[in-house]
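Peer 1: structure for this input, please:
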Amino acid sequence: MSAKRKPVLVIGLGRFGGAVAQALERMGHEVLGVDTNEELVQEHADRLTHVVQADCTDPGCLESLGASEFTSAVVGIGSNIEASVLTVLALSDLGVASIWAKATNEKHGRILEKTGAHHVIFPEQKMGERVARLLNENLLDFIAFDNDYAIAKLVAPSPIVGLPLMTSECRKRHDVTVIGVKRAGEDFIHADPDTLILPGDVLVVSGRVEAIEAFAAT
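Peer 2: Residues are numbered from 1 along each chain as shown. The predicted model follows:
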């Protein structure tokens with residue numbers, strides 16, 4: 001394992017927590033996965049560095065697992081709100097520096113923040129918004145950030161096809177920045193003012209969400 005990859009504690013190995021834990025393993029982190037469900041523990045036994053069946057709502061249990069030695073923890077418990085909140089509280093009391101927690105709704109998220117979560121994730125809500133945008137706009141992929149900015153992938157709109165970016169003035173006219181271009185059979189191109197946009201080019205752009213959606217619809 002790379003020395004730069006710190007171990008991470010993942011509590012709750014359901015669909016969300018399990019996916020996070022396995023992704024962290026692939027990235028080179030050691031992961032301690034914990035769940036009360038014996039079947040989930042067995043399912044992840046060969047996938048994660050360490051897996052334990054335990055109830056992390058008990059601060060004593062977390063302490064015995066060495067939770068205080070982790071700088072980062074992910075609480076993937078969603079359906080049992082009480083267990084989710086108690087686990088975050090226990091991690092906070094142990095001084096874990098970076099606590100990420102899954103929330104099922106806004107109220108749940110606010111409670112998690114008040115009990116010590118540093119980052120609250122709404123996976124179902126975010127995925128729902130993402131799917132809606134991909135269905136209703138001419139977008140191929142879309143990642144939104146909390147400050148109303150986003151990075152998106154889209155087929156080049158017809159008004160800028162056949163023009164270099166300097167001429168199309170995407171930033172001035174549409175308030176978006178073209179970061180790069182990918183065309184069939186060629187490597188990714190980092191965009192510059194002289195980059196010529198061809199029919200079928202896929203653009204990677206950044207900007208405000210509303211501006212990107214309007215640009216994609218031109």
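Peer 1: now Gly14. Nearest residue, chain neighbours left out?
Peer 2: The shortest distance from Gly14 to any non-neighbouring residue, by C-beta to C-beta, 6 or more residues apart in numbering, is to Gly76 (6.1 Å). All C-beta spots, glycine's among them, are computed from the backbone N, C-alpha and C.
Peer 1: now do the contacts for that neighbour.
Peer 2: Gly76 is in contact with Val10, Ile11, Gly12, Leu13, Gly14, Phe16, Gly17, Gly18, Val20, Lys102, counting by C-beta atoms under 8 Å, 6 or more residues apart in numbering.
Peer 1: between the residues you listed, which is nearest Pro164?
Peer 2: Val20 (42.2 Å; C-beta to C-beta).
Peer 1: help me confirm that the closest one is found in a helix?
Peer 2: Yes. Judged by DSSP: H, G, I helix; E, B strand; the rest coil, Val20 forms part of a helix.
Peer 1: excluding chain neighbours, what is closest to it?
Peer 2: Nearest non-adjacent residue to Val20 (C-beta to C-beta, 6+ apart): Val74, at 5.4 Å.
Peer 1: low-confidence ranges, this protein, go.
Peer 2: Applying pLDDT under 70 to the chain flags the ranges 1-4, 130, 132-137, 146-147.
Peer 1: all strands for it, in order.
Peer 2: In the chain, the strands defined using DSSP state E lie at 8-11, 31-35, 50-53, 72-75, 98-102, 119-121, 139-144, 149-155, 176-182, 189-190, 202-208.
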